[in-house]
Structures are given as structure tokens and as C-alpha cells.
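*Asks:* requesting a structural model of the entry that follows:
(one chain, ligands or ions: 2)
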Amino acid sequence: MPRLLVTGGCGFIGANFVHYWLDRHPGDRVVVLDALTYAGNLKSLDAAREQDELRFVHADIRDQDLVAQLLVEESLDTVIHFAAESHVDRSIVRPDAFLEVNVLGTHSLLEAARSAWLSGQRQPRSHRFHHVSTDEVYGDLAPDEPAFSETAAYAPSSPYAASKAAADHLVRAYTRTFGLETSISNCSNNYGPFHYPEKLIPLALVNLLDGKQVPVYGDGSNVRDWLHVADHCRGIERVLERGPVGRTYNLGSGRERTNLEVIRTLCRTVDEAFEADLELRTRFPESWPSRGSSCTEAVTFVKDRPGHDRRYAVDARRAAAELDFRPEIDFDRGLRQTVRWFLDNEAWWRDIMDGSYRQWIESQYPST
Ligand code: NAD
Ligand code: TDX
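*Replies:* Ligands and ions are numbered 1, 2, ... in the order given. Take a look at the predicted model:
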């Protein structure tokens, strides 16, 4: 049975992965290491925190000695590395943190794994360092260009994408040079539960519920490939179980949508939820449907993101052929489920938006 270190397990995808793994692999040891930055939310793990298999460690991935010690003391043989600064807009305003965490942090983690697994007294029989990366490392595509395969040249556009590209290179270098057993997945845009309300879908959703405008950058024609986070978690599980050392896999839905299409589908989904459940009008009196408007009226075009990638599309045939991985959740269903989750878990996002989560976490883990 693998013993896992999940970095960034309090973030959006990491938390979904922890729930996914504990559900499907009862008895496996899962240690979550997270620095609880603005994007980390301990409450996202609430449903699992009572389980003996789960341990939470409040720490920074750059604390190399602590990580190396943790790997040895817990006999961990698998790292799934989610921890990162992940928001493109923030990387444009302040790139430094992206280099510090995504590049130097990943390097520090690789060094910790190398010292624990390749030169320590208690080396595991086999090990795996899996880096959770992004399709943004490939840059963007013109409308008629074929989707990116795993052999496409790296051409990142934003400081975020460049920092993830650098981390991918370091991971590969550690396999080639030191024999560290690594793998990488480059995934497209995720959506689903526990998504921090600064990214397009959750931001638009909470704005609709609060009767605010939904900002669409430029003319809304930029194209993304959206994968439900549960499919992403299953894809990573497949890489761990079936992917050979040193292999990279693209993960994506294979279905492209403009941002405007995404927002229109979201608006329709929210309108339908309010039609089906009249109590929502009482719970969200400021929402667009409660005030007699269609959610599409909330769409407002704003200044474009600098360097905004026009189109992402990933060719995920390698994952299909070698891992038998295919996404199972189509976008309309996944979006309905996501809207339902946000409606049913208002406290989770409301506490983030009004600052009370930050106050609570500060009382639990005071910053120095
Ligand atoms: P997120 O921003 O929601 O979560 C990041 C987590 O990492 C947070 O819990 C945060 O506290 C933690 N963290 C940040 N710096 C840390 C540090 N120095 N030490 C320890 N923990 C730290 O991110 P996400 O959207 O869940 O993305 C997870 C990973 O998946 C990232 O590596 C991202 O690049 C990648 N990815 C994301 C998407 C997407 O659509 N969100 C798509 C493809 C790949
Ligand atoms: O308010 C907005 N309005 C808008 O039009 C926001 C926040 C975004 N956008 C646009 C920009 C993008 O074209 O929507 C698209 C999606 O934006 P984000 O949700 O910020 O995601 P993106 O920039 O595509 O990056 C995401 O997917 C790849 C994740 O944040 C990354 O971590 C992941 O690697």
C-alpha cells in the first residue's frame, strides 16, 4: 500500500484529491503538508480530518529538513505535489511568490525526496514523486492549430506558466541525473467543489448569487478545456498506478469552450436552479434571479488580461492509450453538480469572502 505525502492538500485540487484517495483507498496513510496560504483552506478537509489515516502538517514545502524528516519518519514512498501559487492574474501583479514557491519550492521538495529516498538509511523499495502541472506550460494555440501533445515545445506566456514549466524541467532533470522516480501530469482547467472564488467559474458563481457583475476579460472568445476535478484526481491515480517512471501525461476533456460559452452555461444553470428551488430566493435575495433578472444580464466585458493566452487544447490520447483514462463527467453535468455544491456549502465560500475564515485560521495557526 502506498504511503502518500500530498503537498498543497488544503487547496482546491489537493483537497479533492485527499477525499478521492481516502474514499477509494481506505487504510492508506495520507499526510497533507500545506502552508495554508490565502488559497489553502483547512475546512476543505473537514469531512476527512477525523480519520486516523490522515495527518495534517502545517509547513512550507521549502522547509527541506522538515520534509525529508517527514518522509523518513512516516515511511512515505509517494509524493503528490500540488502545492503552488496557482492564479495567473496574481502572477502578473506579483511574480516573485511564483518563482519562490513553484520553482524553488519544487526544487526543495525534490532535494528532500532525494535525500530521504536515495541516500537515507531507510530507502523504500520503490518510490514516486508526481508533479501536478498544467497545460499552460505549452503556451497558446491559434484557432486552427492541433492540440498540444506531450512532446510539444514549452512556450509559457505568464509568470505562473513559466514557473510551472521550470518546475517540470527540474522534475525531469532529477530523474535523468539522480534516478529519482518521477512522473508529471499536465492538466487543463479544473472546476468543481472547494474551488477558490478568484478563478473564473467560482468567482462568476458567487457574484451571481450576490447580485454582482461577472467580469469577462476582453471579448470572452478565449478558449479553454475544462475538466471536472474528480476526473483530474482519477487521472493522477491512474498515472500513479500505471504510468512508468519518467513519463508525462496530458489530462483534459478534449472539449473546448470559449469563456463566454462557459459563463452562459453557468448563467443558465443558476437560473434553472432558482426556478426549481424557490427557497433559493429567500436564501440569496440579492441574486440576479431573485431580483427578477436572468443571470446573463450580469455579464460585463472588462479590460483583457495582459498576455492572455488565446486557446488551450490538450491532446490526451497518451493517457487514454496507456492508462485507459477517459473523463467521465461531462461539462453540463459537472457544472450542475458544482453549482449545487456552492449552494449547499455557502458557509465555506462566505467565510472566505468576508474574512472570517482568515480570522479563524489565524487563531489556530498564528502567523509569525
Ligand atoms: P490552489 O491555489 O487552490 O491551492 C494551492 C495550495 O498550495 C494551497 O492549499 C496553499 O496553501 C498551498 N501552498 C502554496 N504555497 C505553499 C508552500 N510554499 N508550501 C506548502 N503549501 C503551499 O491550487 P489548485 O488550483 O488546487 O492547483 C493545485 C496544483 O494543480 C497546482 O500545482 C497547479 O499549478 C496545478 N493545476 C491547477 C489547475 C487548475 O485548473 N486549478 C489545472 C492544472 C494544474
Ligand atoms: O474574472 C475573470 N474573468 C475572465 O474572463 C477571470 C478570473 C478569468 N477570466 C478568463 C481568463 C481565462 O481565459 O477566464 C479564463 C479562465 O481563467 P482562470 O480561472 O483564472 O484560469 P486560467 O488562467 O485559465 O488558469 C487555470 O487553469 C490552468 C488555473 O488557474 C491554473 O492554475 C491552471 O494551471
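*Asks:* does the lowest-mean-pLDDT helix or strand in the chain reach ligand 1?
*Replies:* Between all helices and strands in the chain, the lowest mean by mean pLDDT, DSSP states H and E belongs to helix 356-364, at a mean of 92. No - applying Cβ under 6 Å from any ligand atom, one finds helix 356-364 out of contact with ligand 1, separated by at least 10.3 Å. (Each C-beta comes from the backbone N, C-alpha and C, glycine too.)
*Asks:* run through who's touching that helix.
*Replies:* 36, 38, 41-43, 350-352 (Cβ atoms under 8 Å, 6 or more residues apart in numbering).
*Asks:* output the helix or strand in which Ser91 is found as PDB - backbone C-alpha positions only.
*Replies:* Element membership for Ser91, per DSSP states H and E: helix 88-93. C-alpha atoms of helix 88-93 as PDB (Å, rounded to 0.1, in the frame of the first residue of the first chain):
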ATOM      1  CA  VAL A  88      -2.300  33.600 -13.400                       C
ATOM      2  CA  ASP A  89      -3.600  37.100 -12.500                       C
ATOM      3  CA  ARG A  90      -1.700  37.200  -9.300                       C
ATOM      4  CA  SER A  91       1.500  36.100 -11.100                       C
ATOM      5  CA  ILE A  92       1.100  39.200 -13.300                       C
ATOM      6  CA  VAL A  93       0.800  41.500 -10.400                       C
END
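*Asks:* helices and strands around that helix, which ones?
*Replies:* Helices and strands touching helix 88-93, by 3 or more Cβ pairs under 8 Å, 6 or more residues apart in numbering; DSSP states H and E, are helix 96-98, helix 159-178.
*Asks:* sorry, back to before: show me which of the contacts of helix 356-364 is closest to ligand 1.
*Replies:* The closest of these to ligand 1 turns out to be Leu36 (Cβ to the nearest ligand atom; 5.2 Å).
*Asks:* helix, strand, or coil at that closest one?
*Replies:* coil (DSSP: H, G, I helix; E, B strand; the rest coil).
*Asks:* ok, now the one 4 residues further on?
*Replies:* Secondary structure assignment for Gly40 (three-state DSSP): coil.
*Asks:* touching, it and Gly11? I think so.
*Replies:* Yes - at 5.7 Å, Gly40 counts as touching Gly11 under the criterion of Cβ atoms under 8 Å.
*Asks:* mutual contacts of these two, please.
*Replies:* Here Gly40 and Gly11 share the contacting residues Asp34, scored by Cβ under 8 Å, 6+ apart.
*Asks:* for these two, indicate the residue with more neighbours.
*Replies:* Gly11 (25 against 22; other Cβ atoms under 10 Å).
*Asks:* quick check: that one touching Leu36?
*Replies:* No - Gly11 is not in contact with Leu36 according to Cβ under 8 Å; the separation is 9.7 Å.
*Asks:* hang on, the earlier thing: if we check ligand 1, which of the contacts of helix 356-364 are in contact?
*Replies:* Leu36.
*Asks:* can you give me the pLDDT of Asn41?
*Replies:* The model reports Asn41 with a pLDDT of 97.
*Asks:* so for it, what's the nearest residue that isn't a sequence neighbour?
*Replies:* Cys10 (5.5 Å; Cβ to Cβ, 6 or more residues apart in numbering).
*Asks:* may I have the secondary structure class of that neighbour?
*Replies:* Applying three-state DSSP: Cys10 is coil.
*Asks:* and the gap between it and Val314?
*Replies:* 26 Å (Cβ to Cβ, to the nearest Å).
*Asks:* now Leu260
*Replies:* Distance of Leu260 to Val314, computed by Cβ to Cβ: 21 Å.
*Asks:* likewise Val137?
*Replies:* 11 Å.
*Asks:* any shared contact partners between those two?
*Replies:* Both Val137 and Val314 are contacted by Asn186, under the criterion Cβ under 8 Å, 6+ apart.
*Asks:* does stretch 215-235 reach ligand 2?
*Replies:* Yes - residues of stretch 215-235 contacting ligand 2 under Cβ under 6 Å from any ligand atom: 215-217, 222, 224.
*Asks:* same check on stretch 127-135?
*Replies:* Yes - for stretch 127-135, a contact with ligand 2 is found by Cβ under 6 Å from any ligand atom, at Thr134.
*Asks:* next, the buried residues of that stretch.
*Replies:* Residues of stretch 127-135 classed as buried by neighbour count (16 or more other Cβ atoms under 10 Å): 127-135.
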